[in-house]
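J.: can't give you the sequence, but here's the structure:
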């Protein structure tokens, strides 16, 4: 039953994240960017089967590979997300075509350790996938929070509300990631 719950949580988070990524979203104040990744990590660590006790070394290597893929994918996602300042001074974000390529590449890279694990007879539960997802969201959210903070400083935007700052046309080109 816990395995089913983990799968449902993973699917729900993935759908939630993709839907949010594909639409323009107002960027928050950047204070709670780490909450969702920590929740996923806690759920993952309480799940059975994070490591296959019959193949600990290989299982740990696969988990490490998934963690690295998650961090790299999340970093690519964070850097390719477009940031801009709206007419009211608020910051907005939206994924770009480059972000879609990062997502596709990340899925392919994440599938590689999973396939290798199956071929080697190593069981990986959903906990390993959730850890990879948590790492991806942690890297993406952290980079986006960093970029938004830098943009707020450059444009004079006060965190938490959109007051002040330059117009959308005056946003420096470096604030926009990807294509």
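T.: Alright, I've got the coordinates. The shown structure was predicted, so the numbers you read here are calculated from the model rather than taken from an experiment. Numbers count the residues shown, from 1 in each chain.
J.: so the residue most central in space within the chain is in which element?
T.: Nearest to the mean C-alpha position of the chain, counting by CA atoms, centre = their mean, stands residue 137 at 2.4 Å. Assigning secondary structure by DSSP states H and E places residue 137 in helix 126-155.
J.: now do the same for the residue located most distally from the centre of the chain: its pLDDT.
T.: Relative to the centre of the chain, the most outlying C-alpha is that of residue 54, 30.8 Å out, by CA atoms, centre = their mean. Predicted confidence (pLDDT) for residue 54: 89.
J.: same deal with residue 116?
T.: 83.
J.: same deal with residue 161?
T.: So residue 161 comes in at 47 (pLDDT).
J.: which residue packs closest to residue 94, ignoring adjacent ones?
T.: Leaving out its chain neighbours, the residue that sits closest to residue 94 by CB to CB, 6 or more residues apart in numbering is residue 24, at 4.5 Å. (Glycine included, C-beta is placed from N, CA and C.)
J.: for the one you found, what are its contacts?
T.: 92-94 (CB atoms under 8 Å, 6 or more residues apart in numbering).
J.: can you put the residues you listed in a markdown table and add pLDDT, distance to residue 121 and secondary structure?
T.: Listed next are those as a markdown table, based on pLDDT from 0 to 100; distance: CB to CB, whole Å; DSSP: H, G, I helix; E, B strand; the rest coil:
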| residue | pLDDT | distance to residue 121 | secondary structure |
| --- | --- | --- | --- |
| 92 | 93 | 47 | strand |
| 93 | 92 | 42 | strand |
| 94 | 94 | 42 | strand |
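J.: if we take these, which one ends up nearest to residue 34?
T.: Using CB to CB, residue 93 comes nearest to residue 34 of the contacts of residue 24, at 16.8 Å.
J.: the closest one against residue 82, yeah?
T.: Yes: between residue 93 and residue 82 there is a contact under CB atoms under 8 Å: 6.6 Å.
J.: pull up the gap between the residue nearest to residue 94 and residue 15, please.
T.: For residue 24, the distance to residue 15 (CB to CB, to the nearest Å) stands at 18 Å.
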